[in-house]
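Colleague: Dropping the sequence and predicted coords here.
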Amino acid sequence: MKKLALSLAILAIATSAFAKDGSTMRFGVDASYPPFESKSTDGKLVGFDIDLGNEICKRLSAKCVWVENEFDGMIPALKARKFDGVLSSMSMTPQREAQIAFSTKLFHTPTRLVSKKGSSLQPTADSLKGKSVGVEQGTIQETYAKLYWAPKGVQVVPYQNQDQVYADLTSGRLDAALQDAVQAEQGFLKTPRGAGFQFTGGDIDDPKGTLGAGAAIGLRKEDTELKAKIDKAIADMIKDGTYKKIESKYFDFDVYGG
């Protein structure tokens, strides 16, 4: 037992030192959310978040290491030092800010409902009562739907990743899906598998803040020096036009303002 405890202590010290070394930056990512993060046909991680992260690493003179993780386990894994930051379209919400810190905002996009073309469903509890709505586990959309819709008879169905949500939506096992609007449009509606679906209703707003104030990089609260460096890198990217250059590869509108 003593040897085990000693080994764990050494591992903890090594992990902490690795995170503070500065030569490597490890980002946690759930690669099921195009155009923000996904995998190309050759298995390479691609997307807006990936490009932003690689540029941040470049400015920090650090090697980028991407660690794939299910989205609903991101915060526990961050706290356990599996990686140094969460760069996976994570929105800043009061609930998350109670557990972790965030960099300055990277972008802000709305939340919308998707259903079959011709559907009369609306993003309200009354309209969705008795219907099944798919959400990705750990997202702000899951929080919103479980808070406002589930108590009023809407069946909110969580999935490990967004691909699984769309698979059950297209197969007819779901009546609708709730997710980031930009992701839904570019990662689903504009693809062959989303041809028979549409947005229904407008942007969803929540005065209680469950939908967040924009996406940012999730960080451990104690890593204040790292946060300062990342915040400066983001500010410099915006100031010198690099952010706009990266943004234009994926969007024809201002995703930063949202």
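Modeller: That came in fine, so what should we check first?

Colleague: so where's this protein uncertain?
Modeller: Scanning the chain for pLDDT under 70 picks out the ranges 1-21, 258.

Colleague: Grab the most central residue of it for me.
Modeller: Closest residue to the average C-alpha location of the chain: residue 89 at 2.7 Å, with Cα atoms, centre = their mean.

Colleague: Confirm that that one sits in a helix.
Modeller: No. Counting by DSSP: H, G, I helix; E, B strand; the rest coil, residue 89 is not part of a helix but strand.

Colleague: Can you give me the distance of the residue lying closest to it once chain neighbours are set aside to residue 158?
Modeller: Nearest residue to residue 89, sequence neighbours excluded (Cβ to Cβ, 6 or more residues apart in numbering): residue 36, at 4.6 Å. For the C-beta atoms, the positions are set from N, CA and C on the backbone; glycine is no exception. Distance, residue 36 to residue 158, by Cβ to Cβ, to the nearest Å: 19 Å.

Colleague: got it, and residue 152?
Modeller: In terms of Cβ to Cβ, residue 152 sits 17 Å off from residue 158.

Colleague: picking up where we left off before, the residue nearest to the centre of the chain: what's it in contact with?
Modeller: Residues near residue 89 by Cβ atoms under 8 Å, 6 or more residues apart in numbering: 33, 36-37, 49, 180, 183, 215.

Colleague: out of these, who's nearest residue 67?
Modeller: In terms of Cβ to Cβ, no member of the contacts of residue 89 lies closer to residue 67 than residue 37, at 12.1 Å.

Colleague: nearest residue to that closest one other than its sequence neighbours?
Modeller: Using Cβ to Cβ, 6+ apart, the closest residue to residue 37 is residue 47 (4.2 Å).
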